[in-house]
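1. fold the following for me, if possible:
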Amino acid sequence: MSVRVLIVDDSVVMRRILESALRHVNLDLAEVLHAANGVEGLAALEESATENQPLNLILCDVHMPVMNGLDFLLEKQRRNLAPGVPLLMITADATDPQVLQAVGAGAHGTISKPFTLERIKTCVESLLTPVAPAPSDMGDAQP
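-> Residues are numbered from 1 along each chain as shown. As a prediction, this is how the structure comes out:
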């Protein structure tokens with residue numbers, strides 16, 4: 001499955017590292033969008049919706065100038081942008097109150113810095129792998 005990803009982080013170096021990590025775990029990237037803060041991230045979400053090019057994943061730093069990750073998540077939800085698209089918070093401190101608030105508000109998980117390729121792979125694969133239907137949902141299918 002070819003995926004479109006939005007990376008929201010104020011550090012251009014971190015955005016490049018995250019994109020590189022996604023490529024190294026063999027994620028089939030159709031496109032990677034970059035935003036330096038939550039305001040730019042919201043604009044990217046609006047543009048994706050307007051162009052009917054849905055995203056499959058959002059990686060968002062917690063601490064950024066202009067608009068932080070928690071405010072980005074809350075505004076994304078308020079505007080109903082990219083509904084259902086998994087969002088992972090990127091943080092240096094998984095116990096940070098803003099991180100905990102973001103997870104409570106609907107973020108799908110966290111990735112702590114420094115991260116490993118294995119951690120990226122595990123998180124991303126779990127969010128992008130479709131869930132197989134339960135056997136009871138298969139009707140009268142015969143083996």
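2. quick one: contacts of stretch 28-42?
-> Applying C-beta atoms under 8 Å, 6 or more residues apart in numbering, the contact partners of stretch 28-42 are 1-10, 12, 15, 19, 22-23, 43-44, 48, 53, 55, 58, 60, 64-69, 71-72, 75-76, 79, 81. In short, each C-beta sits where N, CA and C put it, glycine included.
3. pull out the buried residues from those.
-> Listed as buried from the contacts of stretch 28-42 are 3-10, 15, 19, 22, 44, 48, 55, 58, 60, 64, 67-69, 71-72, 75-76, 81; burial here means 16 or more other C-beta atoms under 10 Å.
4. may I have stretch 33-42 exported as PDB, CA atoms only?
-> Extracted C-alpha coordinates of stretch 33-42, given in PDB (Å, rounded to 0.1, in the frame of the first residue of the first chain):
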ATOM      1  CA  LEU A  33       4.500  16.500   3.200                       C
ATOM      2  CA  HIS A  34       6.400  18.700   5.700                       C
ATOM      3  CA  ALA A  35       5.200  21.400   8.000                       C
ATOM      4  CA  ALA A  36       7.200  23.500  10.500                       C
ATOM      5  CA  ASN A  37       4.400  24.000  13.000                       C
ATOM      6  CA  GLY A  38       0.800  23.300  13.600                       C
ATOM      7  CA  VAL A  39      -0.500  26.200  11.500                       C
ATOM      8  CA  GLU A  40       1.400  24.900   8.500                       C
ATOM      9  CA  GLY A  41       0.200  21.400   9.300                       C
ATOM     10  CA  LEU A  42      -3.400  22.500   9.300                       C
END
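5. centre of the chain versus it, how much separation?
-> Relative to the centre of its chain, stretch 33-42 is centred 12 Å away, using C-alpha atoms, centre = their mean, to the nearest Å.
6. kindly report the same for stretch 50-58.
-> Relative to its chain's centre, stretch 50-58 lies at 12 Å (C-alpha atoms, centre = their mean).
7. quick check: end-to-end length of that stretch?
-> One end of stretch 50-58 to the other measures 17 Å (C-alpha to C-alpha, to the nearest Å).
8. same question, stretch 75-88
-> 16 Å.
9. give the contact list for the most centrally placed residue in the chain.
-> Per C-alpha atoms, centre = their mean, the C-alpha nearest to the average position across the chain is that of Ile58, at 2.2 Å. Shown in contact with Ile58 (C-beta under 8 Å, 6+ apart): Val5, Leu6, Ile7, Val8, Gly41, Ala82, Val85, Pro86, Leu87, Leu88.
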